[in-house]
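*Asks:* build me a model from this:
(chains A and B)
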Amino acid sequence: MIALAALIGRDIRIAVRVGGGALIGVLFFLCVVVLMPFAVGPDLKLLARLGPAILWLGALLASLLTLDRLFMADNDDGSLDLIVMGQTPLELACAAKAVAHWLVAGVPLVIATPVLGLLLNLDALPTAVVALSLLAGTPALTFTGMIGAALAVTLHRGGLLMAVLVLPLSIPVLIFGVAASEAAITGLSFAAPFSILCALSLASLVIGPFAAAASLRHGLD
Amino acid sequence: MTLIDLANPTRFMTLSARILPWLAALTAIVLVIGVYQSATAPDDYQQGATVKIMFIHVPNAWLSMFVWGVMSVAALGTLVWRHPLADVAAKAAAPIGACFTFLALVTGSLWGRPMWGTYWEWDARLTSVLILFLMYLGLIALWRAVEDPSRAARAAAVLTLVGAINLPIIKFSVDWWNTLHQPASVLRAGGPALDRAFLIPLLVMAIAFSLLFLTLHLAAMRNEILRRRVRSLQLLQASRAEA
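*Replies:* Numbering: from 1, shown residues only, chains lettered A, B, ... in the order given. Here you go, the predicted structure:
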């Protein structure tokens, strides 16, 4: 337990210091959301209608792009080998790393959502609903993405290959995330898609660390 | 004769060379019978002649999931039992499975146009099969991205097992959600909902397509083993030329 807390603390400290790039994901999120009005035109009604989808898509892409930080830096400086060989079960260590990554890369996206909602002409209630669904859904993105990050680091290939592998796995999260966040606009049920979103997060919490640990254990040499 | 005896690629090559012609002939015979029965099956009272798309569409859709299942077993073979031929089997199956999935999507879309009035509908069954297709393509991309086959095999095995979660979602998508796609009508509680005139050609076609997969898979595995031999011979030659 102490070892896991130490691992989480270490990862957070590395991320927020110089060279860690914790907030680059939020910056990318902002850029994607700002690009959208240029693409679809500055029609405020249309933007309010598309707002939840744009926010979810931006958060998905932002969390995808920050993923290769999860194992790559540790692999470069050799600490990943220590974690793999250490006494802490690798599955738990992977989970701890993902939790740390979510705290520095996922939570800022949720915090930034209200500001970006203003740019997209979203009212208070839809913005709050989108933020809530992102809070419930971003762990699923991080934990399924971790599988792709682990594969990428064992193959020494990142970038597009990882995106191609991870994106199909994140489609269910996107579907139910957007369904939950649009409930405030369309007036459909919020509870059903939101519960499924929470279930996806919990399931990926179990599957992600195991798959990532398996790929690290078999893949690193 | 157990599975472990096949671990020797040479023994696998001799055995598969003996089996393959017979398997191919059997596939051709069953396929001819299936196509003949499908062509002579009566028209549906509602759908007319378009019901015959079913005889292609349904076996392809079954096979698209079955092939991922085969790859999942092979992935277990790679990760757990370290069977030397498991990664060959997994690699050879991926493009074939992608083809079956693509054909299921295309025939379904051609069938959907006259029946539903649309080529594509974002319902749960169609979307989950499309995700399956994307995952096949991602898997093939993974195989092609890495030079060392055994390294690629272990990464692909992990991804295959994760992707297997999609299989029950595809199977039960028509029960869990209200979909435009019809629910299961062959493998269901209370027996098939299909008339015998349609059921028998469908089952023959399903057997024929399964045999086709077996034949293609065996041939593709042989090709993959030969390709690896050629590769190692070339590497050997190159290192000799250097020395």
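*Asks:* next secondary structure element downstream of the lowest-mean-pLDDT helix or strand in chain B?
*Replies:* The helix or strand of chain B with the poorest confidence is helix B:166-176; it has a mean of 78 (mean pLDDT, DSSP states H and E). Counting by DSSP states H and E, the next helix or strand C-terminal to helix B:166-176 is helix B:196-242.
*Asks:* that older thread, export only the CA atoms of the least confident helix or strand of chain B, formatted as CSV.
*Replies:* C-alpha atoms of helix B:166-176 as CSV (Å, rounded to 0.1, in the frame of the first residue of the first chain):
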residue,chain,number,x,y,z
ASN,B,166,-16.7,-7.5,-27.9
LEU,B,167,-17.9,-11.0,-28.9
PRO,B,168,-20.7,-11.4,-26.3
ILE,B,169,-21.6,-7.7,-26.9
ILE,B,170,-22.2,-8.5,-30.6
LYS,B,171,-24.1,-11.7,-29.8
PHE,B,172,-26.4,-10.1,-27.3
SER,B,173,-26.6,-6.6,-28.7
VAL,B,174,-29.9,-7.5,-30.4
ASP,B,175,-31.4,-8.6,-27.0
TRP,B,176,-30.0,-5.8,-24.9
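*Asks:* can you mark which positions in that helix are buried?
*Replies:* B:166-167, B:169-170, B:173-174 (16 or more other Cβ atoms under 10 Å in any protein chain shown). From N, CA and C alone the C-beta is placed, and that goes for glycine too.
*Asks:* with stretch B:133-142 instead?
*Replies:* Judged by neighbour count using 16+ other Cβ under 10 Å, the buried positions of stretch B:133-142 are B:133-140, B:142.
*Asks:* just put the residues you listed in TSV and tack on distance to chain A, secondary structure and pLDDT.
*Replies:* Below are those laid out as TSV (distance: Cβ to the nearest Cβ, whole Å; DSSP: H, G, I helix; E, B strand; the rest coil; pLDDT from 0 to 100):
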residue	distance to chain A	secondary structure	pLDDT
B:F133	9	helix	92
B:L134	4	helix	91
B:M135	5	helix	91
B:Y136	10	helix	93
B:L137	8	helix	92
B:G138	5	helix	90
B:L139	8	helix	91
B:I140	10	helix	92
B:L142	7	helix	87
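*Asks:* nearest to A:L151, of those residues?
*Replies:* Among the buried residues of stretch B:133-142, B:L142 lies closest to A:L151 (Cβ to Cβ), at 7.4 Å.
*Asks:* list just the nearest of the buried residues of helix B:166-176 to A:G219.
*Replies:* A:G219 lies nearest to B:N166 out of the buried residues of helix B:166-176, by Cβ to Cβ, at 22.5 Å.
*Asks:* ok, now which ones touch that closest one?
*Replies:* By Cβ atoms under 8 Å, 6 or more residues apart in numbering or on different chains, the contact set of B:N166 is B:68, B:128, B:131-132, B:135.
*Asks:* possible to save those residues as JSON lines with secondary structure and distance to B:A98?
*Replies:* What follows is these, written out as JSON lines (DSSP: H, G, I helix; E, B strand; the rest coil; distance: Cβ to Cβ, whole Å):
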{"residue": "B:W68", "secondary structure": "helix", "distance to B:A98": "10"}
{"residue": "B:S128", "secondary structure": "helix", "distance to B:A98": "16"}
{"residue": "B:I131", "secondary structure": "helix", "distance to B:A98": "13"}
{"residue": "B:L132", "secondary structure": "helix", "distance to B:A98": "9"}
{"residue": "B:M135", "secondary structure": "helix", "distance to B:A98": "9"}
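*Asks:* just give me the closest of the residues you listed to B:H57.
*Replies:* B:L132 (14.9 Å).
*Asks:* pLDDT weak spots in chain B?
*Replies:* Where chain B drops to pLDDT under 70, the residues are B:1-5, B:178-179, B:187-192.
*Asks:* circling back: now the least confident helix or strand of chain B: how far from the chain's centre is it?
*Replies:* 17 Å (Cα atoms, centre = their mean, to the nearest Å).
*Asks:* what does chain B put close to chain A?
*Replies:* B:79, B:127, B:131, B:134-135, B:137-138, B:141-142, B:145-146, B:151-152, B:154-155, B:157-159, B:161-163, B:165, B:169 (Cβ under 8 Å from any Cβ of the partner chain).
*Asks:* pick the one among the buried residues of helix B:166-176 closest to B:W122.
*Replies:* B:W122 has its nearest neighbour among these in B:S173, at 12.2 Å by Cβ to Cβ.
*Asks:* coming back round to it: and of the contacts of B:N166, the nearest to A:L30?
*Replies:* Comparing the contacts of B:N166 against A:L30 with Cβ to Cβ places B:I131 closest, at 29.2 Å.
*Asks:* burial count for the closest one?
*Replies:* Applying other Cβ atoms under 10 Å in any protein chain shown, we find 19 residues neighbouring B:I131.
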